[in-house]
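> sequence first, predicted coordinates after that:
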Amino acid sequence: MGRIQLKQVTKSFGDVEVIPPLDLTIEDGEFTVFVGPSGCGKSTLLRLIAGLEDITSGHIEIDGKDATDVVPAKRGLAMVFQSYALYPHMSVRKNIAFPMKMAGMDKAEQDRRIEAAAKALNLTDYLDRRPGQLSGGQRQRVAIGRAIVREPAAFLFDEPLSNLDAALRVGMRMEISELHKKLDTTMIYVTHDQVEAMTMADKIVVLQAGVIEQVGSPLELYHSPRNTFVAGFIGSPKMNLIGGAEAQKHGAHTIGVRPEHIDVVDADAGEWTGTVGVAEHLGSDTFFHINGTGLADTITVRAPGEVSFNHGDPIGLNPRAELIHKFDAQGLRIE
Amino acid sequence: MARAVKTQRKLINTAVAWAIGLVIFFPILWTILTSFKTEAQAIASPPIFLGFDWTLENYAIVQERSDYMRFLWNSVIIAGGSTLLGLIVAVPAAWSMAFVPSKRTKDILLWMLSTKMLPAVGVLYPIYLICIELGVLDNRVALVVILMLINLPIIVWMLYTYFREIPGEILEAARMDGATLKEELLYILTPMAIPGIASTMLLNFILAWNEAFWTLNLTAVDAAPLTAFIASYSSPEGLFFAKLSAASTMAIAPILILGWFSQKQLVRGLTFGAVK
Ligand SMILES: Nc1ncnc2c1ncn2[C@@H]1O[C@H](COP(=O)(O)OP(=O)(O)OP(=O)(O)O)[C@@H](O)[C@H]1O
Ligand SMILES: [Mg+2]
């Protein structure tokens, strides 16, 4: 079980209010991702849930019980840190055993769980090594192993993959997703990588300056961002946000068009025209950064496959009318 | 060619390092040499470096005249006791400053250090009076406490520096894993800080061993350590350089041997923050 509720939670460091009053419910078994720009309070929120920071006001409930004043050790949550935070003076086996030792679990059960975790995480051959003798990916797996043996009510991850290289990151991302499917335990995952957020989450919480901008499934956020911040933050490359006369034509203060929702045509056939600034040919897709449209500094377009426009070429753009997002002067979505 | 220059550089560096080392070590070497001379040879002019009649008679006289073992024992008790007591006070203090600092932590650290800038003689009178009042003049326990207080700022500073090197997240991980504060200190912090704690203990032991101002002023017979033993041979009436040297050699020998065997640990500990 692991249903976590935050009720009117605030956090200040000295005079600086980092989290203004915030309400959030995380359902049992849900994979929730906190995303947002650097410094928006993701880690702080996670640490408040963990109990590593005291909340300034409000309540935290875990499975319906008030956990506000419960020490971290007693909340039944496990955390995986960005720096792995393994105990350097202990072998991998001792690291994984540590939470069970603290819980006073009997030795045979400890060994059984260590074997099971090691097998699941491909660590069987490394159990007697020290963390210093492992690669980054292996260390992260040890940290995950240490978290799962306790069978916690929920897992908390703070950017667990950001110290790994790109290829390993994709692999570990899938391993964590599989782990979630297998264990069916609540997971809260902090990242500023929106690809991780989109691929792993059941529910994404988008934060800015400690405020929740939107909560929803990845596709809800993609298809109907509640405001311009979420619109610009979710999706890669970023949504094009266009103001001025063009927006007014659609009865909006700002319109947003995703790069993949713009078709590339010859200059004379386009609703919008411009010149190609940078063309990034990825093979599967081509990204164009287009200047001189008079709409915004640059318009980004994602065309499938290989499209042969080059730097300096004039180009025509046709946004798909039904996929244009409209926002009012406050930046809020107009349906 | 480039290689040749490098070798030359290395030679020069080595020579300079040896020269500096010798200059620093020379007084100790001279003391040891003098301890094997007769009194006449000890004050001969020009001084004799090695070509004298080696004799052990100074050591025999010194041992006969005063009870070396008693002074040695007092030194061990005072240096060891003040080090252990200091650690008991300093580990929790340094832990709280390193991991739960307050707004005033930096000020407290500086203030503690500032007490080291006060000339010791400035507080001799009050401390002397307190000792008389409490009836603890020439008392080993009193000296243990006083030397502990004298060196405490250094112990706290050193431990604080080592603890600061330990990532807070590791301690937080222990907390998440269900460790109580006691378990966190016992199973995680202390094992991780052992090199730092060991070198702090060593340095403090050496400092306390060689401390002369307080030990000379506050002891007479019962609690007198090796510093007092040396001092008893520097008499104004006669020139007893050879015996004084023999006494000094006997006094520094234990700490020299301790330092020799632990030099790796000591250097590692003292440069811990710098090279990591
Ligand atoms: N111990 C602290 N004392 C004072 N301010 C803090 C403290 N911890 C965090 N903050 C501030 O709180 C804000 C949120 O920090 P937090 O670490 O939660 O951001 P984040 O969203 O995790 O960012 P990142 O993506 O860079 O990790 C920041 O402005 C930070 O400066
Ligand atoms: Mg963070």
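That came through fine. Ligands and ions are numbered 1, 2, ... in the order given.
> which positions in chain A make contact with ligand 1?
Counting by Cβ under 6 Å from any ligand atom, chain A comes close to ligand 1 at A:13, A:18, A:36, A:38-44, A:192. The way it works is simple: take the backbone N, C-alpha and C, and place the C-beta from them, glycine included.
> now, which of these sits nearest residue A:99?
Nearest to residue A:99 out of the residues of chain A next to ligand 1 is residue A:43 (Cβ to Cβ; 21.4 Å).
> how about that closest one, secondary structure?
Assigned by DSSP: H, G, I helix; E, B strand; the rest coil, the conformation of residue A:43 is helix.
> tell me the residues of the stretch 51-200 of chain A that contact chain B?
Remark: the part of the stretch 51-200 of chain A in contact with chain B comprises A:52, A:71-74, A:77-79, A:81, A:83, A:85-89, A:98-99, A:102-103, A:146, A:150, using Cβ under 8 Å from any Cβ of the partner chain.
> so which of those residues are in strands?
A:77-79 (DSSP state E).
> any chance of these in JSON lines, with distance to residue A:324 and neighbour count too?
Formatted as JSON lines, those follow (distance: Cβ to Cβ, whole Å; neighbours: other Cβ atoms under 10 Å in any protein chain shown):
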{"residue": "A:77", "distance to residue A:324": "43", "neighbour count": "25"}
{"residue": "A:78", "distance to residue A:324": "44", "neighbour count": "27"}
{"residue": "A:79", "distance to residue A:324": "42", "neighbour count": "29"}
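> what residues are up against the nearest residue to residue A:326 once chain neighbours are set aside?
Nearest residue to residue A:326 in three dimensions, chain neighbours excluded: residue A:252, at 3.7 Å (Cβ to Cβ, 6 or more residues apart in numbering or on different chains). Residues near residue A:252 by Cβ atoms under 8 Å, 6 or more residues apart in numbering or on different chains: A:326-328, A:334.
> what's the closest of these to residue B:52?
Nearest to residue B:52 among the contacts of residue A:252 is residue A:327, at 98.3 Å by Cβ to Cβ.
> sec struct for residue A:32, please.
The three-state assignment at residue A:32 reads strand, by three-state DSSP.
> doesn't residue A:227 make contact with residue A:239?
No: at 11.7 Å, residue A:239 does not count as touching residue A:227 under the criterion of Cβ atoms under 8 Å.
> so for these two, which sits in the more crowded spot?
residue A:239 (24 against 19; other Cβ atoms under 10 Å in any protein chain shown).
> so who does that one touch?
Contact analysis of residue A:239 by Cβ under 8 Å, 6+ apart lists A:225, A:231-232, A:256-259, A:325.
> which ones among those lie within helices?
Using DSSP state H, the subset of the contacts of residue A:239 located in helices is A:231-232.
> show the average pLDDT along stretch B:198-207.
On average, the pLDDT along stretch B:198-207 is 89.
> any idea how far it is from the middle of the chain?
Taking Cα atoms, centre = their mean, to the nearest Å, one finds stretch B:198-207 lying 6 Å from the centre of the chain it belongs to.
> mind listing what's buried along that stretch?
Using 16 or more other Cβ atoms under 10 Å in any protein chain shown as the test for burial, stretch B:198-207 gives B:199-207.
> cool, and stretch A:54-72?
Applying 16+ other Cβ under 10 Å to stretch A:54-72 flags A:55, A:58, A:60, A:62, A:67-68, A:72 as buried.
> taking these one by one, which sit in strands?
Using DSSP E, the members of the buried residues of stretch A:54-72 that fall within strands are A:58, A:60, A:62.
> relative to chain B, which of the residues of chain A next to ligand 1 is nearest.
residue A:43 (11.0 Å; Cβ to the nearest Cβ).
> mind checking how far the closest one is from residue A:36?
Going from residue A:43 to residue A:36 by Cβ to Cβ, to the nearest Å gives 10 Å.
> repeat that for residue A:196.
From residue A:196 to residue A:36 the distance is 13 Å (Cβ to Cβ).
> likewise residue B:13?
Note on residue B:13: its distance to residue A:36, by Cβ to Cβ, is 54 Å.
> okay, those two: which has more neighbours?
Per other Cβ under 10 Å, whichever of residue B:13 and residue A:36 has more neighbours is residue A:36, with 25 against 10.
> coming back round to it: mark which of the residues of chain A next to ligand 1 are buried, thanks.
Judged by 16+ other Cβ under 10 Å, buried ones among the residues of chain A next to ligand 1: A:18, A:36, A:40-44, A:192.
> cool, thanks, signing off.
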